[in-house]
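**Student:** Build me a structure from this.
(4 chains)
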Protein chains: 2
Amino acid sequence: MYLNRADQIAEEIQELIFAGSFEDGERLDENRLSEKFGVSRTPLREALKKVALLGIVEKIPNRGVFVHQPGPIELLEMFEVMSELESICGKLAAKRISESALKKLQKANAKCKKAIKNNNPDAYYIENELFHKIIYNQSGNSFLEKEAIKLQKRLQPFRRVQLRFRGRIEQSMAEHEDIVKALSFGNSTDAENALRNHVAVQGDKFHQLVASFGKKEEYT
Amino acid sequence: MYLNRADQIAEEIQELIFAGSFEDGERLDENRLSEKFGVSRTPLREALKKVALLGIVEKIPNRGVFVHQPGPIELLEMFEVMSELESICGKLAAKRISESALKKLQKANAKCKKAIKNNNPDAYYIENELFHKIIYNQSGNSFLEKEAIKLQKRLQPFRRVQLRFRGRIEQSMAEHEDIVKALSFGNSTDAENALRNHVAVQGDKFHQLVASFGKKEEYT
DNA sequence: AGGCCAAATATTGTATACAATAGTATTGAC
DNA sequence: GTCAATACTATTGTATACAATATTTGGCCT
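**Tutor:** Numbers count the residues shown, from 1 in each chain, chains lettered A, B, ... in the order given. The predicted structure is shown next:
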């Protein structure tokens, strides 16, 4: 998938925001950024437009674009939607998943386990992401799949923070097992609930998320 | 909410596509369109970028943007997601809806009825949209609300076609009653199911949608 | 001194000019 | 006559120049 310079820059700006390189509310100066990326304002503005439409920054006409790091409430809202989306994917996938996809899912899960044993968080994140993406894909609804991937990407940095909490990875793995079981049995109700619970921010997870808030940079 | 010319044009292009003014697969020529709208290519390109990111047209680098009218499969997929989103909104709203919102909901519903009695489809569409938007809003999740509104807007023209089928509007109204009832009783399970069913394309509605496909212009 | 209006400055929005890329047609060799 | 290479054309992508809008600063009046 080829990208022109403007789209490349859009990706890079996203990464920078996710990495916390900008203060909340900071204005993204077109001149400064165009100089930084070594391009003119035209492609840079296109990049900013893209980032704005993804909802990562806010664009105010004739004023500029301002980074908008989601606050705790907004994050909880996004996680609530994510958990419901995953739940739906699970519900549908339980009925529609193929044998080969089931095998791939088990493989990805095994790699997750291995990554934990090797104490390799980066590998875990990658395999975990794949695990979930397989489920999105097997929902048999490519529109749903795209939406889920979009939101997953946006929440990714916050999920990582969450998993740093003691015991969370182990719990997460146990939940994966339940999910795989439900999907292989074609039990859509179980799959639905297991996935909703797996992603939802409730109970301990709620406190962990709130506690970790604003401390992102400590864990990078 | 002020919009600059580029964003205005983006809206207009969307409308044109929804209205079926372009063939599926047709290339949106930048020069032609910029002349048509009386602006230069710069704001027009920004408009196209926006429309592309909304998923209404496909942009191929160095080739141009091509309109992509959703086919039956894609439509079914989008309706499936819409019905689930509405279902979630209903589930949450049942627990969170305020008294005043409930009143507004009943008011909107009454206006829907009135519109039918007066044989005024345009009024019905507007009030029906409001009815659903109140529920999105009362989900208490503004992120979910925004996503629901976005998809609602995209599916709007197709919903209209559907409602043209005999008996559909009456059935739709009866479903509204059930939804209001469930919400006023705070019954989240009923609200969830009623809304999913109300929006889902199943049974007769499936055949109607498929049958109506490609006949949009007959009903405008 | 404080507030308000106006000029200056900075920044976004748009137009035009130029560059790069993809698609098409023409010409030449076999 | 067909295929391929190359020049040509059309179209998108980017840079720069200009216009419009918002913000800031400085001066004036009260």
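**Student:** Name the SS class of A:Phe66, please.
**Tutor:** Judged by DSSP: H, G, I helix; E, B strand; the rest coil, the three-state class of A:Phe66 is strand.
**Student:** Quick one: residues contacting it.
**Tutor:** By C-beta atoms under 8 Å, 6 or more residues apart in numbering or on different chains, the contact set of A:Phe66 is A:Gly25, A:Glu26, A:Arg27, A:Leu28, A:Val57, A:Glu58, A:Lys59, A:Ile60. (Glycine included, C-beta is placed from N, CA and C.)
**Student:** Repeat that for A:Leu102.
**Tutor:** Contacts of A:Leu102 by C-beta under 8 Å, 6+ apart are A:Val180, A:Leu183, A:Ser184.
**Student:** low pLDDT regions in chain A?
**Tutor:** A:1, A:212-220 (pLDDT under 70).
**Student:** about what we covered before: want to throw the contacts of A:Phe66 into TSV with neighbour count?
**Tutor:** Formatted as TSV, the contacts of A:Phe66 follow (neighbours: other C-beta atoms under 10 Å in any protein chain shown):
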residue	neighbour count
A:Gly25	10
A:Glu26	15
A:Arg27	15
A:Leu28	21
A:Val57	23
A:Glu58	13
A:Lys59	17
A:Ile60	11
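**Student:** what's the closest of those residues to A:Leu130?
**Tutor:** Closest approach between the contacts of A:Phe66 and A:Leu130, by C-beta to C-beta: A:Val57, at 28.5 Å.
**Student:** Would you confirm that that closest one contacts A:Leu28?
**Tutor:** Yes. The pair A:Val57 / A:Leu28 is scored as a contact, 6.6 Å apart, by C-beta atoms under 8 Å.
**Student:** Overlap in contacts, these two.
**Tutor:** Contacts common to A:Val57 and A:Leu28, judged by C-beta under 8 Å, 6+ apart, are A:Leu48, A:Val65, A:Phe66, A:Val67.
**Student:** Those: which ones sit near DNA strand C?
**Tutor:** Filtering these for neighbours of DNA strand C using C-beta under 7 Å from any atom of the strand leaves A:Val65.
**Student:** Give me the buried subset of the shared contacts of A:Val57 and A:Leu28.
**Tutor:** Neighbour counting with 16 or more other C-beta atoms under 10 Å in any protein chain shown marks A:Leu48, A:Val65, A:Phe66, A:Val67 as buried within these.
**Student:** Rebuild these as a markdown table, extending it with distance to A:Leu76.
**Tutor:** Converted to a markdown table, these look like this (distance: C-beta to C-beta, whole Å):
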| residue | distance to A:Leu76 |
| --- | --- |
| A:Leu48 | 27 |
| A:Val65 | 25 |
| A:Phe66 | 22 |
| A:Val67 | 20 |
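**Student:** So which of those is the closest to DNA strand D?
**Tutor:** Within those, the smallest distance to DNA strand D is 11.0 Å, found for A:Phe66 (C-beta to the nearest atom of the strand).
**Student:** The closest one and chain B: what is the separation?
**Tutor:** Distance of A:Phe66 to chain B, computed by C-beta to the nearest C-beta, to the nearest Å: 16 Å.
**Student:** That residue pairs with what?
**Tutor:** As for beta bridges, A:Phe66 partners with A:Arg27, A:Glu58 under DSSP bridges.
**Student:** what does stretch A:176-186 contact?
**Tutor:** A:90, A:93-95, A:97, A:102, A:105-106, A:109, A:112, A:131, A:135, A:138, A:188, A:190-191, A:194-195, A:198.
**Student:** Could you export it as PDB, CA atoms only?
**Tutor:** Taking Å, rounded to 0.1, in the frame of the first residue of the first chain, the C-alpha atoms of stretch A:176-186 are listed here in PDB:
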ATOM      1  CA  HIS A 176      -8.000 -15.500  25.900                       C
ATOM      2  CA  GLU A 177      -8.500 -19.200  26.700                       C
ATOM      3  CA  ASP A 178     -12.100 -18.700  27.400                       C
ATOM      4  CA  ILE A 179     -12.600 -16.700  24.200                       C
ATOM      5  CA  VAL A 180     -10.900 -19.400  22.100                       C
ATOM      6  CA  LYS A 181     -13.000 -22.100  23.800                       C
ATOM      7  CA  ALA A 182     -16.300 -20.200  23.100                       C
ATOM      8  CA  LEU A 183     -15.400 -19.600  19.500                       C
ATOM      9  CA  SER A 184     -14.300 -23.200  18.800                       C
ATOM     10  CA  PHE A 185     -17.600 -24.400  20.300                       C
ATOM     11  CA  GLY A 186     -19.500 -21.900  18.300                       C
END
